[in-house]
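J.: Have a look at this prediction, sequence included:
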Amino acid sequence: MVKKKVFEILSQVFDPEIPVVNIVELGIIKEVICENNSIEIKISPTYSGCPAMNIIEDDIKFQLQKNGFENIVVTKVFSNWTTELLSNETKEKLKSYGIAPPNRINAIEINNEKKIFCPKCNSSKTNLKSKYGSTACKSFYYCENCLEMFEYFKET
Ligand SMILES: [Zn+2]
């Protein structure tokens with residue numbers, strides 16, 4: 001019962017870099033341990049060194065405290081987080097937000113160069129502009145069809 005409530009609250013926490021996908025959908029939550037009055041949340045960073053993790057950690061505590069929980073411990077665990085953990089529904093959310101989702105099916109290779117489909121027009125006429133986007137988790141691509149930049153959520 002408590003666990004279910006905790007998961008509901010955690011679904012209100014978003015990765016600040018991707019405001020459409022919550023941290024449960026992102027597969028960041030590894031374990032929730034409820035004991036008497038204390039709660040331990042084990043989180044796994046999506047990409048090591050992702051600066052958003054500290055913001056996420058603070059937000060988890062804030063949201064839980066707002067809902068009357070006390071003694072909250074957030075522990076970082078390092079597990080093999082992979083973009084394969086994202087459901088198709090989550091990938092669709094990324095795409096409608098304008099971020100090309102990590103998807104092996106969404107990428108084709110032409111002349112050994114990986115082509116990413118534009119999330120807006122589905123064109124494969126895209127070029128890598130910068131290996132690092134607004135964060136290390138994403139790359140910047142340019143679409144020659146709609147002449148716009150977009151971000152690609154790197155697969156791992
Ligand atoms: Zn496009």
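T.: Sure thing, it's come through. Residues are numbered from 1 along each chain as shown.

J.: Contact residues of the protein facing the ion?
T.: The chain comes close to the ion at residues 118, 120-121, 123, 143, 145-146, as judged by CB under 5 Å from the ion. C-beta here means a position set from N, CA and C on the backbone, and glycine is covered the same way.

J.: Which members of those residues are positioned in strands?
T.: Counted as lying in strands by DSSP state E, out of the residues of the chain next to the ion, are residue 143.

J.: Any of the residues of the chain next to the ion buried? List them.
T.: Using 16 or more other CB atoms under 10 Å as the burial test, the residues of the chain next to the ion include 118, 143 as buried.

J.: mind putting the residues of the chain next to the ion in TSV, pLDDT included?
T.: Converted to TSV, the residues of the chain next to the ion look like this (pLDDT from 0 to 100):
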residue	pLDDT
118	93
120	93
121	94
123	92
143	95
145	96
146	96
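
J.: Nearest to residue 4 among the residues of the chain next to the ion?
T.: residue 120 (37.2 Å; CB to CB).

J.: any idea what sits nearest the closest one, other than its immediate chain neighbours?
T.: Nearest residue to residue 120 in three dimensions, chain neighbours excluded: residue 146, at 5.5 Å (CB to CB, 6 or more residues apart in numbering).

J.: pretty sure the one you found contacts residue 121?
T.: Yes: counting by CB atoms under 8 Å, residue 146 does reach residue 121; the two are 4.8 Å apart.

J.: what residue is smack in the middle of the protein?
T.: residue 26 (4.6 Å; CA atoms, centre = their mean).
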